[in-house]
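[1] predicted structure and sequence below. I'll ask about it afterward.
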Amino acid sequence: MALFKRSGTSAKGFDWMGLLWLFLFFWYFSGITQLLIQLTDTSGFTGFRQAFFMSAIWLAPMLLFPARTKVMAAVIGVVLWACSMASLGYFFIYQQEFSQSVIFIMFESNPSEAGEYLTQYFAWWMLLAFIAHTAFAIFLWSRLRPVYLPRAQGLIAATAILLVIVGYPLVKQISRADTVALGLEKFETRIEPAVPWQMLVAYRRYREQLDGMQGMLDSVSKIPPLTNLKDSMAGQPATLVLVIGESTNRQRMSLYGYPRQTTPELDKLKDQLAVFNNVITPRPYTIEALQQVLTFADEENPDLYLKTPSLVSVMKQAGYKTYWITNQQTMTKRNTMLTTFSEQADQQVYLNNNRNQNARQYDGDVLEPFTKALADSAPRKFIVVHLLGTHMSYQYRYPPSFDKFTDRQGVPAGVRDDQVPTYNSYDNAVLYNDFVVSSLIKDYAKTDPNGFLLYLSDHGEDVFDSVGHDTLGRNEAKPTAPMYTIPFMAWASPKWRETHDWSFASDLSRPYSSSQLIHTWADLAGLSFNELDPSRSLVNDSFKARPLLIGDPYSRQSKALIDFSLMKPKPPADAAVVQQ
């Protein structure tokens, strides 16, 4: 009998309850934040599921060395607790999940700014929550006990856990990816929701993206300035604002004739707006579109963004203090180019540090920093506000008070019943976007500025709009009109109208690609330089209509670029692939 007990079993069999307490202890540090994310409907279920499985990895050493269970659990637990405190605290303050973007903000902030954040956001109840969080962790640790297995069985069980949790997913991701590096990246995404991997992966990716961004900034610094730049407003105070939307199809805006009243606030301002109704984006993805929208690049010269100044650099050269306020994700591999654009500005405000793009994040957050930028004493200001707009998943883009469209009324007959909730949530996102954009205009107008505000979306979105009502999202390989039709409008202050020609009635229907925006912007702002082409300005008398080219300019396929105006709608074979 003594030999039987030393082997690590008991007459009652395996200690399943002991194993459950161990798992619950390790899961708790990742699970508490993921549980709050679920209860508040901040994001989807994927992170919760991944954190659940990853927490089981700590059972392996417990089964291998059961006699040291309490000590090992205490050491591991302290590390997990510290990481979970950071993750939980960040969620308390921002209702966002910890990511590499948070680390970017931490390293970009100085101690004074960090102190201001703590003073502004810390509340007494958070201290009680941290104490309760710690106390419950200690309680769980006190319930732990060794779970014995015979040596061979313990080794097999630990190996099986590592293979199931780490080995198989890692091999699977690498085998499916084009490169080992890409496979490792996908595996990191799988383990990232669990602590401490959340911090480790976030830091590694932060360093990687920082190096990439620094390389781009070094390249930007070597781009020569514009030649012979002249400013008709030189020496005069001015505040100019560019608002960049996201995934908004103008065909779903009542301002553009959509039957549902999705833009009631902009509708009220219509008489004050120059609403252009024939503007398209060159590409249906954020990064690829903005590489052209914010630079001199276009579909026929896509690499000019690497060789010519960006719009931010142009405005700095013209003597404006520049600001970039964004509700887009900051430091992700996909968004490195966006962060590079933002880092060219004098001041940046990064609001969205979620790990997951499909998370509840409201654009209303931009209003406060926008007001602060407007109040800056600098006489000449250029402010970029980059919204998350109506980006998928649409239900995360608006608060419950904007859940207006809930039934089939106003939904096209061809849209299936199972598609209606998504169709409605997109319209609700457009409704909230209307509130944000109109609020930016109203807040801007209150300051009695000398300047104008221009709003456009980076690209559109097909939400069961095109023929067949089967397409959801964007797919450049199977283009549909809603992916490219974007809102484009401008508001000018009374002061600006007094000294500038703001009569655009004959220009509103001109066919135009947002890839030419920098020419229109310079024209509106009163800038001239050798690189400016007035025929590419939407509001210039010298405007020349050109083919509205869309497509991947880097594609090796013949006729990769097509004229949007000649594109005939075709029923898509399947749903579109959604990309940013």
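    Right, received. Where do you want to start? Numbering: from 1, shown residues only.
[2] part of a helix, is Ala234?
    No - counting by DSSP: H, G, I helix; E, B strand; the rest coil, Ala234 is not part of a helix but coil.
[3] spit out the contact partners of it.
    Shown in contact with Ala234 (C-beta atoms under 8 Å, 6 or more residues apart in numbering): Gly319. Just so you know, the C-beta spots here come from the backbone N, C-alpha and C atoms, and that holds for glycine as well.
[4] and Val314, its phi and psi?
    phi -60, psi -50 (degrees, to the nearest 10).
[5] that one: how many residues sit nearby?
    Counted with other C-beta atoms under 10 Å, the neighbours of Val314 add up to 27.
[6] same thing with Pro169?
    Neighbour tally, Pro169, other C-beta under 10 Å: 18.
[7] what helices or strands is the helix or strand that it is a member of leaning on?
    If you go by DSSP states H and E, Pro169 is part of helix 168-176. The contact analysis (3 or more C-beta pairs under 8 Å, 6 or more residues apart in numbering; DSSP states H and E) places helix 168-176 against helix 180-191.
[8] run the chain-centre distance for the helix it packs on.
    Offset of helix 180-191 from its chain centre (C-alpha atoms, centre = their mean, to the nearest Å): 20 Å.
[9] tell me which residues of the helix holding Pro169 are tucked away?
    Going by neighbour count (16 or more other C-beta atoms under 10 Å), the buried part of helix 168-176 is 169-170, 173-174.
[10] can you redo these as CSV with distance to Phe341 and pLDDT?
    Shown next, in CSV, are the buried residues of helix 168-176 (distance: C-beta to C-beta, whole Å; pLDDT from 0 to 100):
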residue, distance to Phe341, pLDDT
Pro169, 35, 87
Leu170, 35, 88
Gln173, 31, 88
Ile174, 33, 88
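[11] how about JSON lines for those, with distance to Ala158 added?
    Output for the buried residues of helix 168-176, formatted as JSON lines (distance: C-beta to C-beta, whole Å):
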{"residue": "Pro169", "distance to Ala158": "17"}
{"residue": "Leu170", "distance to Ala158": "17"}
{"residue": "Gln173", "distance to Ala158": "22"}
{"residue": "Ile174", "distance to Ala158": "23"}
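[12] wait, which of those is closest to Ser537?
    Gln173 (48.0 Å; C-beta to C-beta).
[13] ok, the closest one - contacts?
    183-184, 186-187, 190.
[14] which of these are buried?
    Taking 16+ other C-beta under 10 Å as the criterion, what is buried in the contacts of Gln173 is 183, 186-187, 190.
[15] between those residues, which is nearest Leu453?
    Checking the buried ones among the contacts of Gln173 against Leu453 with C-beta to C-beta, the nearest one is Lys186 at 40.6 Å.
[16] from memory that closest one sits against Ser175, does it?
    No - the criterion here is C-beta atoms under 8 Å, and Lys186 misses it with Ser175 at 10.9 Å.
[17] just put the contacts of Gln173 in CSV and tack on distance to Phe25 and pLDDT.
    As requested, the contacts of Gln173 are arranged in CSV below (distance: C-beta to C-beta, whole Å; pLDDT from 0 to 100):
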residue, distance to Phe25, pLDDT
Gly183, 31, 82
Leu184, 29, 84
Lys186, 29, 83
Phe187, 25, 85
Arg190, 22, 83
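[18] can I get those in TSV including distance to Phe53?
    Shown next, in TSV, are these (distance: C-beta to C-beta, whole Å):
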residue	distance to Phe53
Gly183	18
Leu184	18
Lys186	15
Phe187	13
Arg190	9
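[19] of these, closest to Ala445?
    Using C-beta to C-beta, those come closest to Ala445 at Lys186, 46.9 Å.
[20] distance check, the closest one against Val166.
    14 Å (C-beta to C-beta, to the nearest Å).
[21] same question for Tyr398.
    Tyr398 is 39 Å from Val166, where distance means C-beta to C-beta.
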